[in-house]
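In: give the three-dimensional model of this entry:
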Amino acid sequence: MASSQDVAEDDVGVSMGEVDELTARSNLDRLARRFLDMSGEDFLRLRRQGSLDPAERHPGFTRVLAVANLIDGD
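Out: Residues are numbered from 1 along each chain as shown. This next block holds a predicted model:
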């Protein structure tokens, strides 16, 4: 299940509230398709296998990874 967070608006103007797993998975899929040209499930599978290229740590990658951590936190 996705982690629940209740974080106040931070210094860059981003706010977060509670996120359920379905919403987190939907957001993961949307972001992974937009930035990485793969599904959210493919991203999670590659992450679990340790097959993600560390050189791909651009802003889009880190956005996808942040949402993946809500689903599959380390």
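In: for this structure, which segments count as helices?
Out: Remark: helices assigned in the chain by DSSP state H are 21-36, 40-49, 59-72.
In: could you list every helix and strand in contact with the longest one?
Out: Okay, so that is helix 21-36. helix 40-49, helix 59-72 (3 or more CB pairs under 8 Å, 6 or more residues apart in numbering; DSSP states H and E). For glycine as for every other residue, the C-beta is placed from the backbone atoms N, C-alpha and C.
In: ranking the ones you listed by burial, who's on top?
Out: helix 59-72 (a mean of 17; mean count of other CB atoms under 10 Å).
In: could you give the mean pLDDT of that helix?
Out: Helix 59-72 shows a mean pLDDT of 88.
In: ignoring the adjacent residues along the chain, who's closest to residue 60?
Out: With sequence-adjacent residues excluded and distances taken as CB to CB, 6 or more residues apart in numbering, residue 60 is closest to residue 35, at 2.9 Å.
In: what sits against that neighbour?
Out: 60-61, 63-64 (CB atoms under 8 Å, 6 or more residues apart in numbering).
In: can you pull the pLDDT of it?
Out: Looking at residue 35, the pLDDT reads 91.
In: for the residue minimising distance to the centre of the chain, which residues are in contact?
Out: Centroid-nearest residue in the chain: residue 67, 1.9 Å away (criterion: CA atoms, centre = their mean). Counting by CB under 8 Å, 6+ apart, residue 67 touches 24, 27-28, 31.
In: ok, and the most crowded of those?
Out: Among the contacts of residue 67, the one with the most neighbours (other CB atoms under 10 Å) is residue 28, at 26 neighbours.
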